[in-house]
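Undergrad: Structure for the following, please:
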Amino acid sequence: MKYLFTTVLLITAFSISAQEYYLLVGTYNSPKSEGVYVYRFNSTNGNATEISHVKTSNPSFLAISPDEKLVYAVHEDADNNGKGGEVASFSFDKSKGMLTFINKQSSGGDHPCYVAVDKTGKWVFAGNYTSGSLSMLKANKDGHLDPASTVIQHEGYSVNSERQNSPHVHCTVLSPDNKYLYVADLGIDKIMTYAFNAKKGTLSNSRAGYIMTEPGSGPRHIAIHPNGRFVYLIEELTGSIVAYKDFGNADLQELQTISALPPAYDGPVGSADIHVSPDGKFVYASNRGESNTIGIFKVNKETGTLMPVSHISTLGKKPRNFNFDPTGSYLLVGNQDSDEIVIFKRDKETGLLTDSGKRISVGKPVCIKWISTK
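TA: Residues are numbered from 1 along each chain as shown. Predicted coordinates:
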């Protein structure tokens with residue numbers, strides 16, 4: 001009996017350990033935050049415990065290397081003249097859950113708001129919002145970043161004179177085959193596509209194409225379905241989601257445009273983030289303005305089109321970024337203006353979210369990423 005009891009305890013302990021992950025949170029500097037925070041998150045019960053944090057300036061977006069040993073963060077900063085911005089590199093110690101600063105380089109533009117790393121782990125891409133440019137930096141094996149080897153400046157404007165008088169790059173997303181870079185530019189109403197060669201370290205704008213979006217829509221973030229066949233775009237200025245079919249070679253065909261907002265909502269629009277659930281069954285989108293909601297949409301597995309399921313309150317203000325835990329059991333929403341991450345339990349069959357009652361108190365949370373504990 002004693003042997004059986006001990007075995008049960010060991011199995012239970014292993015099960016709990018197997019369901020624990022590191023949660024990394026990027027923030028804007030505020031009286032309640034000062035950098036990147038690391039938590040241990042339990043996907044069995046939704047509990048989160050702070051392990052460490054590292055001081056760094058306005059790390060509003062993070063990217064994790066494929067081997068999970070390195071973390072890259074933008075410094076969404078500028079000097080007194082509104083110029084500048086950086087990408088910083090950190091090593092991550094899984095045994096301690098701690099970040100250690102390695103180095104930083106110019107992002108090749110002003111106010112970088114997005115960073116991504118390719119599947120080889122050798123190349124880092126930054127999107128600069130204010131200057132409307134993007135850059136590619138080489139990441140060495142030890143995590144040191146070289147100065148940007150490529151900087152591409154977008155040109156143009158669109159119909160919203162307040163928000164679109166110049167380019168504003170808002171995301172840099174790699175295709176599943178690692179051969180193309182999708183760049184959503186809010187200022188010029190385009191998704192730019194660039195050919196990427198990881199072996200040669202080239203990002204080609206000579207073969208660049210683009211997809212026009214509705215004038216005044218303000219394309220912001222892109223999510224790619226796990227099957228690689230469908231791409232979803234959230235438009236900040238109109239609050240719309242556009243579904244595309246991906247034919248490969250960055251050839252996107254528009255399938256559908258649907259509002260991310262609740263049906264009766266008529267207040268200010270400011271849609272922000274979009275993600276496909278790990279099982280590929282649902283798309284979720286965050287709405288700021290005065291909506292403060294997450295829209296939930298069911299994916300037609302054959303056509304990729306979306307059907308509205310529900311809209312739920314984020315129980316806070318200004319839900320900029322959100323993300324699923326690695327098991328898909330929880331959805332964590334960073335409410336930027338209420339200094340809190342709200343943890344929702346997710347029904348994998350219906351896609352619906354319910355408040356778990358769990359919260360993470362942190363100032364200006366704006367990016368949520370994950371690293372395994374093993």
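
Undergrad: Going by C-alpha atoms from here, please, whenever you check contacts or count neighbours.
TA: Will do.

Undergrad: Report the separation between Gly267 and Ile234.
TA: From Gly267 across to Ile234, the span is 18 Å (C-alpha to C-alpha, to the nearest Å).

Undergrad: which of those two has more neighbours?
TA: Between Gly267 and Ile234, counted using other C-alpha atoms under 10 Å, the more crowded position is Ile234 (31 against 10).

Undergrad: Checking my notes, that one in a helix, right?
TA: No: assignment of Ile234 by DSSP: H, G, I helix; E, B strand; the rest coil gives strand, placing it outside any helix.

Undergrad: pretty sure it contacts Val269?
TA: No: Ile234 lies out of contact with Val269 (C-alpha atoms under 8 Å); the separation is 12.0 Å.

Undergrad: Give the residues shared as contacts by the two.
TA: With contacts taken as C-alpha atoms under 8 Å, 6 or more residues apart in numbering, Ile234 and Val269 have no neighbour in common.

Undergrad: Just list whatever residues bridge to Gly127.
TA: On the basis of DSSP bridges, Gly127 is bridged to Tyr114, Leu134.

Undergrad: That one reaches Val115, doesn't it?
TA: Yes: at 6.4 Å, Gly127 and Val115 qualify as touching, with contact defined as C-alpha under 8 Å.

Undergrad: Surely Val159 is in contact with Pro215?
TA: Yes: proximity of Val159 to Pro215 meets the contact threshold set by C-alpha under 8 Å, at 6.3 Å.

Undergrad: who has more neighbours, Gly127 and Val115?
TA: Per other C-alpha under 10 Å, whichever of Gly127 and Val115 has more neighbours is Gly127, with 32 against 27.

Undergrad: what about Asp337, is that helix, strand or coil?
TA: Asp337 - assigned by three-state DSSP - is helix.

Undergrad: who's in contact with it?
TA: Gly316, Lys317, Lys318, Lys364.

Undergrad: what about the third one, how many residues close to it?
TA: The local packing count at Lys318 equals 28, with neighbours defined by other C-alpha under 10 Å.

Undergrad: Each with direction, which strands does the longest strand seen in the chain pair with?
TA: Longest among the strand segments of the chain by residue count, using DSSP state E, is strand 202-212. If you go by DSSP bridges, strand 202-212 pairs up with strand 190-197 (antiparallel).

Undergrad: Tell me who's in contact with Tyr330.
TA: Taking C-alpha under 8 Å, 6+ apart, we find Tyr330 in contact with Ser43, Gly46, Phe324, Ile343, Phe344, Lys345, Arg346.

Undergrad: quick one: which of the residues you listed is most hemmed in?
TA: Ile343 (27 neighbours).

Undergrad: mind checking how far that residue is from Asn47?
TA: Relative to Asn47, Ile343 is positioned 9 Å away (C-alpha to C-alpha).

Undergrad: Spell out which residues are contacts of both of these two.
TA: Jointly contacting Ile343 and Asn47 under the rule C-alpha under 8 Å, 6+ apart are Lys358.

Undergrad: Let me see the mean pLDDT of the helix or strand encompassing Asn321.
TA: Element membership for Asn321 (DSSP states H and E) is strand 319-324. The pLDDT scores in strand 319-324 average 97.

Undergrad: picking that back up, secondary structure for the contacts of Tyr330 - can I get that in a markdown table?
TA: Below are the contacts of Tyr330 laid out as a markdown table (three-state DSSP):
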| residue | secondary structure |
| --- | --- |
| Ser43 | coil |
| Gly46 | coil |
| Phe324 | strand |
| Ile343 | strand |
| Phe344 | strand |
| Lys345 | strand |
| Arg346 | strand |
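
Undergrad: can you redo those residues as JSON lines with distance to Arg359?
TA: Shown next, in JSON lines, are the contacts of Tyr330 (distance: C-alpha to C-alpha, whole Å):
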{"residue": "Ser43", "distance to Arg359": "14"}
{"residue": "Gly46", "distance to Arg359": "9"}
{"residue": "Phe324", "distance to Arg359": "15"}
{"residue": "Ile343", "distance to Arg359": "6"}
{"residue": "Phe344", "distance to Arg359": "9"}
{"residue": "Lys345", "distance to Arg359": "12"}
{"residue": "Arg346", "distance to Arg359": "15"}
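
Undergrad: Which single one of those is nearest to Tyr21?
TA: Ser43 (7.7 Å; C-alpha to C-alpha).

Undergrad: and the gap between the residue nearest to that closest one when sequence neighbours are not counted and Met98?
TA: Nearest residue to Ser43, sequence neighbours excluded (C-alpha to C-alpha, 6 or more residues apart in numbering): Gln19, at 5.2 Å. Here the distance between Gln19 and Met98 works out to 19 Å (C-alpha to C-alpha).
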